[in-house]
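Colleague: any chance you could fold what I've pasted below:
(one chain, ligands or ions: 1)
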Amino acid sequence: MPKINRYIDIDTVEREAKKDYIDRHSPFIHCAKTAKVGEPFEVTVKMGNEYTHPDDFDHYIESVTLFDGETKLAGATYVSGTLGNTKAHNTTTFTIIPTGKKLNLVAHGYCTKHGVWESNPVEVEVTE
Ligand SMILES: [Fe+2]
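Modeller: Modelled structure (predicted):
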């Protein structure tokens with residue numbers, strides 16, 4: 001299993017020095033703060049907030065996975081060239097239907113050269 005990189009595991013000095021490298025590999029979760037039980041809910045995972053990642057044949061974002069806590073909800077896989085072999089934000093929108101009282105969303109992004117990167121968790125309140 002590849003090493004999982006997490007933003008909070010990187011010390012402040014290293015974080016500043018490698019700001020662009022860390023940013024372009026980190027998944028960022030974008031969704032509403034609340035969801036309704038039984039209704040479709042869109043969750044977008046964008047790789048990189050400020051910096052874009054390459055889409056080269058030997059270096060690209062191969063997959064994006066969405067979890068609710070420890071449960072895998074969905075995943076998307078890519079091949080090199082999906083994003084036109086240019087630097088871009090890999091962006092995936094998943095539609096899920098929540099059942100519980102809240103979601104603890106976490107996303108992973110996998111770079112073929114730099115391993116798995118984990119997002120900050122995002123809590124979503126689920127109402128009736
Ligand atoms: Fe990379």
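Colleague: tell me what the residue nearest the centre of the chain is bridged to.
Modeller: Closest residue to the average C-alpha location of the chain: Pro27 at 3.1 Å, with C-alpha atoms, centre = their mean. Listed beta-bridge partners, Pro27: Met47 (assigned using DSSP bridges).
Colleague: hang on, it packs against Cys111?
Modeller: No. In this structure Pro27 lies outside contact range of Cys111 using C-beta atoms under 8 Å: 10.6 Å. C-beta here means a position set from N, CA and C on the backbone, and glycine is covered the same way.
Colleague: find residues that contact each of those two.
Modeller: Trp117 (C-beta atoms under 8 Å, 6 or more residues apart in numbering).
Colleague: that older thread, ok, the residue nearest to the centre of the chain - contacts?
Modeller: Contact analysis of Pro27 by C-beta under 8 Å, 6+ apart lists Val45, Lys46, Met47, Val64, Ala107, His108, Gly109, Trp117, Glu118, Ser119.
Colleague: pick out the most distant pair among these.
Modeller: Lys46 and Glu118 (14.4 Å; C-beta to C-beta).
Colleague: mind pulling up the pLDDT for the residue nearest to the centre of the chain?
Modeller: Looking at Pro27, its pLDDT reads 97.
Colleague: from Lys46, how far off is it?
Modeller: Going from Pro27 to Lys46 by C-beta to C-beta, to the nearest Å gives 7 Å.
Colleague: please consider this matter closed, and thank you.
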